[in-house]
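In: here are the coordinates; sequence isn't available:
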């Protein structure tokens, strides 16, 4: 009886394209599904030390929903590296100016904080509205509950 754990090789990885419609869905729900797909955890061939994930396209990111009072209370902070270089922006302002960045930040926080996580993030594409540039890849629709 063979009791060895399966480990995927780089040549065995088959990547698919998935499209997620974020309109009317909570930000966290969409982000967790996207992170799961990017990481490859939905596949039986998942290997923690390899990028076995798929490509993810998110459309209608400007129509994502924040629950509770997060739209006014959630604050995004950046630091320039200089003294007093902290910039703060509320979720409401970020959604009006850069809704793609809100989605990307949420997904990035759910991926590994290593080279592997940064490589996984390159397979993410976030678009405002219905139109996207990846029709040629024939993406499958992934439903978020």
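Out: On my side now, so go ahead. In this text, all values refer to a predicted model and were calculated from it rather than measured experimentally.

In: C-alpha only now, for contacts and for neighbours.
Out: OK.

In: and residue 38, what does it touch?
Out: Counting by CA atoms under 8 Å, 6 or more residues apart in numbering, residue 38 touches 52-56, 120-121, 123-124.

In: which non-adjacent residue is nearest it?
Out: residue 53 (4.5 Å; CA to CA, 6 or more residues apart in numbering).

In: quick check: which element contains the residue nearest the centre of the chain?
Out: The centroid of the chain falls nearest to residue 107 when counting by CA atoms, centre = their mean (3.6 Å). Secondary structure from DSSP states H and E places residue 107 in helix 99-108.

In: tell me which helix or strand comes right after the lengthiest helix in the chain.
Out: Using DSSP state H to define each element, the chain has its longest helix at helix 27-39. Proceeding N to C from helix 27-39, the next assigned helix or strand is strand 55-59, under DSSP H and E.

In: does anything pack onto that following strand? Which helices or strands?
Out: strand 17-21, helix 27-39, strand 124-126 (3 or more CA pairs under 8 Å, 6 or more residues apart in numbering; DSSP states H and E).

In: quick one: closest of those to residue 139.
Out: strand 17-21 (4.6 Å; CA to CA).

In: what about residue 131, distance to residue 144?
Out: Between residue 131 and residue 144 the computed distance is 19 Å (CA to CA, to the nearest Å).

In: give me the more crowded residue out of the two.
Out: residue 144 (15 against 10; other CA atoms under 10 Å).
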